[in-house]
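In: Would you be able to build a 3D model of this:
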Amino acid sequence: MRWQRFFEDLEHQLDSEWEAERAALDTEAERLRLSRLTLRERVAELVGTEVAIDVVAADAVRGRVTGAGADWVGIESAAGLRAAVVPLAAVASVAAAESDLLRSARPSGRRPALAERMTLGFVLRDLARRRVGVRIAVAGNATWTGTIDRAGADHLDLALHGAGEHRRTSAVTGHRMIAYPALQTVHLDGGNG
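Out: Residues are numbered from 1 along each chain as shown. Predicted coordinates for the structure are as follows:
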């Protein structure tokens, strides 16, 4: 009897050590997984979620995440009247419910491959093609309203005119070339283009 109890105790002790080792390995694997997780992956998991995005050098953008691409996130205001595109490089922080933040830490991998390849330049070229009026905030707290005429590899050309006005030669008051790294937010007039 004593020997049997002795061997049972050894078996339990060995099981406990294996469980502790397995738990340590699982914890380390989770730390490694989290260390490889990007902001883009987490924001992409928040599509459809209400958030507040603090922008490095501009006002915070609040609303529902409508999409996320390779280097940008789309937001629709809670009122549904305005939409904005925020470059991920301009994001200082993202506020969301704890359950949403926890969910975003475990990406499902169900995102369309096309969305992951859509860059900020792609989105801005689409806005130029559609002739959507925009309000652009850049680093240094400057803002301009107008229409994007062209969007290049690393910059855009903005025809300056009043908010809500159509881009007509008579309405244009000037032009700006704006480098993508300076972009903080691009708000769309009316949110629907």
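In: Spatially central residue for the chain, please.
Out: Central residue of the chain (C-alpha atoms, centre = their mean): residue 73, 3.8 Å from the mean position.
In: Hmm, residue 65 and it touching each other?
Out: Yes. Under the criterion of C-beta atoms under 8 Å, residue 73 makes contact with residue 65 at 6.2 Å. Bear in mind the C-beta positions are built from the backbone N, C-alpha and C, glycine included.
In: Give me the common contacts of those two.
Out: residue 43 (C-beta atoms under 8 Å, 6 or more residues apart in numbering).
In: From residue 63, how far out is residue 153?
Out: Counting by C-beta to C-beta, to the nearest Å, the separation of residue 153 from residue 63 is 29 Å.
In: what's the answer for residue 171, then?
Out: 28 Å.
In: Could you do residue 129 as well?
Out: 24 Å.
In: Those two: who's more crowded?
Out: residue 63 (22 against 10; other C-beta atoms under 10 Å).
In: residue contacts, the residue nearest to residue 128 when sequence neighbours are not counted?
Out: Distances taken as C-beta to C-beta, 6 or more residues apart in numbering place residue 148 nearest to residue 128, at 4.1 Å, with adjacent residues excluded. Counting by C-beta under 8 Å, 6+ apart, residue 148 touches 124, 127-128, 132, 134, 156-159.
In: In helices only, show me those residues.
Out: 124, 127-128 (DSSP state H).
In: send the alpha carbons of the lengthiest strand in the chain over as PDB?
Out: The longest strand of the chain (DSSP state E) is strand 142-151. Provided in PDB are the C-alpha atoms of strand 142-151 (Å, rounded to 0.1, in the frame of the first residue of the first chain):
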ATOM      1  CA  ALA A 142      -3.500  73.200 -40.700                       C
ATOM      2  CA  THR A 143      -6.700  72.200 -42.500                       C
ATOM      3  CA  TRP A 144      -7.900  72.800 -46.000                       C
ATOM      4  CA  THR A 145     -11.100  72.100 -47.900                       C
ATOM      5  CA  GLY A 146     -11.400  71.300 -51.500                       C
ATOM      6  CA  THR A 147     -11.300  68.500 -54.000                       C
ATOM      7  CA  ILE A 148      -8.400  66.100 -54.600                       C
ATOM      8  CA  ASP A 149      -7.300  66.600 -58.200                       C
ATOM      9  CA  ARG A 150      -4.600  63.900 -58.300                       C
ATOM     10  CA  ALA A 151      -3.100  61.300 -55.900                       C
END
